[in-house]
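# sequence-free structure coming up:
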């Protein structure tokens, strides 16, 4: 349910639903020849349809590699949004989760936006229903509403600002300097991290990422002892006791940059394991160690890889380019309201020079 980190939970008639985590999809194993042939067919379809592939760091390595090979882009959600607006392609094919495809469509209403599977959602998105969120906002009209990008178009439409993890701190620092009180949704761990760093007055929605919430502090302590020269990299969607052990806390882009630039020979990485492809690409001599999801209370529903991200594969990428049946559609009125807080974020990032790209 919606909650505050100050005097305890604020009463609300809205309760966020529990999120059912899907099993990881089992894609057929392809021989090297079959995979090469499939990639060639996808390349031809992209070229024929003036389409460009935009993939998130958490998707399968084959998709990330194919995006770069075909003139597309691999990035975090902030840079994915920017790339879509800068591309001349008529069709954007977004390999990621649904809120990323929706953001691309909100910013590019004239373009076709496809996804390999529209069912690829997000635990944060699903745990923040629009009706309940609107009621929470209405109960606190004196707060500036800041929502994480991992939310639906309807939730964004009720917000004043949309932020990604790479820009959350400077935006909230800016708002706090103006004396604003913040209503934050949906990730409570990221929200609490931002609150601790900025000192802002924040109300937090009670949501969490099923991947990052599984990292275990006691198990991480043991791994650190086994690898004393390793730097610990943590995404701020992780619990406080994991964040507190980090040498670097940051967005996916910031963590990749740390691997490439820091002198450490080893890194313990507490985020989705899909990020390892780009890290290995930019720092091939570094050893990457997944932060443990085992430990007290572990269920390992995700095992450090988002099951919704895993719904993106070469097979259904080819299929959607053939059928166009997984197209993002946004209600015009919702889009008109949602584009304003997203554009506010992009303008702020441009003005402040935020968003270095670790290509």
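Looks like it arrived, so ask away. What you see is a predicted model; the values in this text were computed from it and never measured.

# after the helix or strand encompassing residue 82, heading C-terminal, what element do we hit next?
Using DSSP states H and E, residue 82 maps to helix 77-86. Past helix 77-86, further along toward the C-terminus, the next helix or strand under DSSP H and E is strand 91-95.

# ok, and what's touching that following strand?
Applying Cβ atoms under 8 Å, 6 or more residues apart in numbering, the contact partners of strand 91-95 are 46, 49-56, 59, 63, 67, 72, 80, 84, 100-101, 104, 108, 111-116, 312, 317, 320-321, 328. Where you see a C-beta, it was placed from the backbone N, CA and C, and this is true even at glycine.

# just stretch 272-281 next, same as before
With Cβ under 8 Å, 6+ apart as the criterion, stretch 272-281 contacts 56-61, 64-65, 74, 211, 252, 255-256, 259-260, 267, 269, 286, 288, 290, 304-306, 309, 358.

# just the buried ones among these, please.
56-60, 64, 74, 211, 252, 255-256, 259, 267, 269, 286, 288, 290, 304-306, 309, 358 (16 or more other Cβ atoms under 10 Å).

# now the helix holding residue 82, how far from the centre of its chain.
Put simply, helix 77-86 sits 13 Å off its chain's centre (Cα atoms, centre = their mean, to the nearest Å).

# domains of this protein?
Domain assignment of the chain by automatic domain parsing yields the ranges 34-119+309-328, 123-209+331-359, 212-290.

# could you dump these into TSV and include mean pLDDT?
Listed next are these as TSV, based on pLDDT from 0 to 100:
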stretch	mean pLDDT
domain 34-119+309-328	95
domain 123-209+331-359	94
domain 212-290	96
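
# same list (the ones you listed) but as TSV, adding distance to residue 20.
Compiled in TSV, these are given as follows (distance: least, Cβ to Cβ, whole Å):
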stretch	distance to residue 20
domain 34-119+309-328	12
domain 123-209+331-359	8
domain 212-290	15
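
# residue 25 is nearest to which of those?
Minimum separation from residue 25 across these (Cβ to Cβ) falls at domain 34-119+309-328, 5.6 Å.

# counting by contacts, list what the longest helix seen in the chain packs against.
If you go by DSSP state H, the chain has its longest helix at helix 332-352. With contacts taken as 3 or more Cβ pairs under 8 Å, 6 or more residues apart in numbering; DSSP states H and E, helix 332-352 sits against helix 77-86, helix 98-107, helix 153-157, strand 161-163, helix 168-177.

# no further queries at this time; thank you.
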